[in-house]
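Asks: Structure for this input, please:
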Amino acid sequence: MFAALRNLVARDAPPYDVGESVPYDDMWTLAPGTAKADNATVSIFSHDKRASTEEKIGWAKNTIKRLRGLRHPNILKFIDTFETDTHVHLVTEPVKPLEKTENPADPKQLFAIQWGLLHMLKVVSFLHDSHLAHRGLHMRAVLVDRAGEWKLGAVDWLGSDKDPIPTRPERYVPPEKDATSAQPWAQDMWGLGIVVWEVFNGPLTRAAQLTQTGAVPKPLLPQYVQLVSASAKSRPNPTVLLNDMRNPGKFLHSAAIDACLFLETLAVADKDEAAACYAKLPQLLDGLPDAFCRHRLLPVLLGAFNFNSAGSNVLTPLLKIGKLLDTAEYQAQIVPCLVKLFSSPDRATRISLLQQLDQFIPYLSTDVVTTDIFPHVVHGFADTVPAVREQTVKSMLLIVPKLHAPAIDAVLRHFAKLQVDEQPSIRTNTTICLGKLAQSIPVAARDRVLIPAFLRATKDPFTHARIAGLMAVGATLSLFTAADCATRIFPAITPLCIDPEPPVRDQSFVVCRALLTRLEAAAKGEDTPPPAEEKKEAAAGVATWATWAGSAMSVVSSKLYKSASADPSAASTSEPPSATATVPPTSLPAPGPAASAACSSMTSVRNQSSAAAAAKKEDSDNDEDNDGWSDQDDGWSTTTLNTKAAPKPAAPATAAIPIKPTTTASPALPSPSLSSPALSPAAGETRDLKGAARPARLGAMRLGEKKAPAASTGSAPAPAP
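Replies: So this is what the prediction gives:
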């Protein structure tokens with residue numbers, strides 16, 4: 001209404017900025033335009049009244065009248081019209097003329113033709129259901145929008161299907177002269193055959209060329225022959241032809257077309273069927289045109305997410321299409337959906353987001369990650385489901401570089417707690433993550449956190465956690481001063497050279513050699529990196545530590561969570577998983593070239609969990625700064641984790657304490673040998689976590705037992721306390 005008023009007030013001042021025009025057909029020129037009111041992009045068709053006749057001016061006005069009254073998704077969308085003293089202007093959605101396909105064998109171009117032909121059949125069927133006929137169908141009458149979809153235009157001769165055929169170029173006129181004696185759809189089906197021929201072969205110059213199929217695909221030939229039949233009665237009904245071409249093996253039958261047609265009915269679709277379609281869609285996107293994905297599928301998926309409660313089901317196709325967007329479009333369309341998904345309390349949604357984090361984290365700014373995403377992710381550190389905690393730890397490799405310093409401090413505090421988690425895979429991955437994030441941690445926090453964290457890992461009862469601690473030390477050795485290497489790291493690493501597990505011993509020797517090289521250089525006043533051969537060996541360990549740990553921890557995690565998956569309510573319960581339900585892994589891959597031997601013995605995961613719980617308590621006792629990172633040199637070598645966890649009376653001096661291996665329903669690693677020096681105490685003594693001897697009398701005194709009387713003769717017995 002307001003546009004019409006503006007036209008009445010100022011006819012000579014069009015409300016659009018018109019670009020350079022090009023000829024469209026015998027009547028119209030086409031130019032890009034921009035609305036002055038909102039800068040919307042449009043297409044402007046112009047008819048020059050000065051070089052026209054009254055008949056053509058009437059056809060131009062008929063075009064405006066028909067497009068204004070027709071509403072169909074595949075008919076050119078009318079926006080506005082204005083007239084000057086010299087021209088009649090028609091404003092539509094932005095489109096361009098359909099051109100001959102360059103490579104019909106290209107799956108993307110073939111899909112565009114299939115999708116366009118399908119909708120042209122729908123449009124022709126729609127017109128004839130309304131007793132209308134286009135009567136001028138050819139390739140130039142079809143336009144393409146920015147999504148690559150075909151739009152029916154050039155409706156200059158559109159009218160009743162019983163009207164006589166208007167005067168038009170001879171090459172487009174069907175063989176029958178009397179349109180009233182033929183089927184009402186016969187003219188438009190002939191024109192549709194011309195569209196098919198021109199799309200594959202180029203503009204038609206004479207009607208006789210239609211008998212030469214040229215590049216028309218073989219699957220389409222039977223239907224093409226029917227369309228250009230000389231007998232008007234042999235041309236099929238558009239609805240019947242569409243249904244026939246949708247049958248298996250026909251030209252319009254494909255998985256991509258089925259999925260796209262289903263998305264058009266998404267508002268009334270069953271949720272299970274919609275979820276199945278979302279799952280198949282990512283594989284189909286590679287065969288669809290980029291413009292179609294951006295401008296046709298993306299709005300549908302965003303609508304399903306915002307209004308149909310599709311949730312995380314649409315995440316994978318959304319992220320895949322998001323890679324086609326520029327930064328501004330991504331921020332405007334994809335980022336709000338991601339922020340909304342991260343706020344979801346559903347564990348499956350959160351895990352899915354964290355697993356696909358690498359696909360969208362590069363597009364997120366530091367402020368968005370710190371303010372909108374990290375506050376939701378941080379809850380995963382304390383989740384009762386181990387899978388959520390572990391995936392949260394792994395995600396920090398991508399999230400921490402996008403965080404501000406205060407948020408990084410919060411991550412380190414959670415890492416301090418997770419290093420004594422009951423799940424060995426989480427403890428190991430926490431150490432790995434710390435090692436790989438060392439360069440991203442602020443210097444002040446780095447000096448305070450890294451050494452205690454890595455040395456704590458070297459005393460973990462889980463073999464791979466100790467290896468991860470050693471590899472982390474080797475990977476970050478250049479970040480520590482020579483004094484720290486000599487006084488804090490080296491004394492804590494050397495006991496591992498006699499570790500019961502061969503992989504731990506092998507890796508400890510690699511790190512010790514690197515430390516010695518560093519200390520020798522410092523003693524000579526040349527604190528330089530290790531020589532080439534040592535650097536190469538250390539680099540080999542560093543290069544493989546993330547690889548072996550990732551694969552090994554996947555095995556551990558799958559075993560740990562397999563028992564939980566047997567209970568359908570395990571993923572939603574608020575109770576922590578039972579220690580007795582934990583199944584230890586049957587095998588783990590070797591940690592790398594420096595530690596290729598298999599583990600000779602390993603305690604059960606259940607014992608490791610109790611030891612980790614005790615370590616958590618001990619670390620909190622030793623943490624003087626109350627920051628979660630205790631000094632690992634205070635008390636680690638003289639106090640056992642198991643003694644802290646569950647105090648027991650000291651063993652008699654004449655016999656060793658019998659050890660009963662934990663039994664589980666699933667196959668586990670071989671039970672530790674009772675003769676192993678790391679597990680079986682000698683007579684009169686017990687062993688700490690690292691296998692060092694500790695007098696049994698010390699444990700008895702700690703437990704409040706009576707002190708043994710002196711062995712000298714003639715002395716009075718000691719009084720009872």
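
Asks: Show the pLDDT at the residue positioned nearest the centre of the chain.
Replies: Centroid-nearest residue in the chain: Gln356, 2.9 Å away (criterion: C-alpha atoms, centre = their mean). Gln356 is assigned 92 on the pLDDT scale.

Asks: show me the contacts for it.
Replies: Leu315, Thr316, Leu319 (C-beta atoms under 8 Å, 6 or more residues apart in numbering). Where C-beta positions appear, they are placed from N, C-alpha and C, glycine not excepted.

Asks: will you turn these into a markdown table that also has pLDDT, distance to Ala274 and neighbour count?
Replies: Below are these laid out as a markdown table (pLDDT from 0 to 100; distance: C-beta to C-beta, whole Å; neighbours: other C-beta atoms under 10 Å):
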| residue | pLDDT | distance to Ala274 | neighbour count |
| --- | --- | --- | --- |
| Leu315 | 90 | 14 | 24 |
| Thr316 | 92 | 14 | 18 |
| Leu319 | 92 | 18 | 19 |
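
Asks: Show only the entries of the residues you listed found in strands.
Replies: Using DSSP state E, no member of those falls in strands.

Asks: Packing partners of the helix or strand that contains Ile432?
Replies: Taking DSSP states H and E as the criterion, Ile432 maps to helix 424-436. Judged by 3 or more C-beta pairs under 8 Å, 6 or more residues apart in numbering; DSSP states H and E, helix 424-436 is in contact with helix 386-399, helix 405-418, helix 443-458, helix 463-475, helix 532-565, helix 605-622.

Asks: what's the distance between it and the middle of its chain?
Replies: 22 Å (C-alpha atoms, centre = their mean, to the nearest Å).

Asks: How many neighbouring residues does Val268 have?
Replies: Residues lying near Val268 (other C-beta atoms under 10 Å) number 5.

Asks: Distance-wise, check it relative to Glu170.
Replies: For Val268, the distance to Glu170 (C-beta to C-beta, to the nearest Å) stands at 47 Å.

Asks: shaky segments in the chain?
Replies: Scanning the chain for pLDDT under 70 picks out 1-13, 165, 167, 177-182, 527-721.

Asks: didn't Asp499 look like it was pressed against Gly469?
Replies: No: in this structure Asp499 lies outside contact range of Gly469 using C-beta atoms under 8 Å: 11.5 Å.

Asks: Tell me which of those two has more neighbours.
Replies: Using other C-beta under 10 Å as the criterion, Asp499 and Gly469 rank with Gly469 on top: 32 against 21.

Asks: How about that one: what's its closest non-neighbour residue?
Replies: Nearest residue to Gly469, sequence neighbours excluded (C-beta to C-beta, 6 or more residues apart in numbering): Ala457, at 2.9 Å.

Asks: if I pick the one you found, what's in contact with it?
Replies: Counting by C-beta under 8 Å, 6+ apart, Ala457 makes contact with Gln419, Arg427, Thr428, Thr431, Ala465, Arg466, Ala468, Gly469, Ala472.

Asks: 10 Å instead, please
Replies: Ala457 makes contact with 419, 427-428, 430-432, 434-435, 464-473, 632, according to C-beta atoms under 10 Å, 6 or more residues apart in numbering.

Asks: His404 too?
Replies: Thr366, Asp367, Val369, Thr370, Thr371, Phe374.

Asks: just Leu398 next, same as before
Replies: Neighbouring residues of Leu398 by C-beta under 10 Å, 6+ apart: Leu354, Leu357, Asp358, Phe360, Ile361, Pro362, Leu364, Val369.

Asks: Over to Thr476?
Replies: Leu434, Gly435, Lys436, Leu437, Ala438, Gln439, Ile441, Arg446, Leu450, Ile451, Phe454, Val542.

Asks: switch to 8 Å and redo it
Replies: Thr476 sits next to Gly435, Ala438, Leu450, Phe454 when contact means C-beta under 8 Å, 6+ apart.

Asks: I believe Thr81 is in a strand; please confirm or correct that.
Replies: Yes: counting by DSSP: H, G, I helix; E, B strand; the rest coil, one finds Thr81 located in a strand.

Asks: what's the burial count for it?
Replies: 21.

Asks: re the thing from before, ok, of the contacts of Thr476, which come out buried?
Replies: Gly435, Ala438, Leu450, Phe454 (16 or more other C-beta atoms under 10 Å).

Asks: farthest pair in the residues you listed?
Replies: Pairwise distances across the buried ones among the contacts of Thr476 peak at 9.5 Å for Ala438 and Phe454 (criterion: C-beta to C-beta).

Asks: shared neighbours of these two, anything?
Replies: Counting by C-beta under 8 Å, 6+ apart, the shared contacts of Ala438 and Phe454 are Ala472, Thr476.
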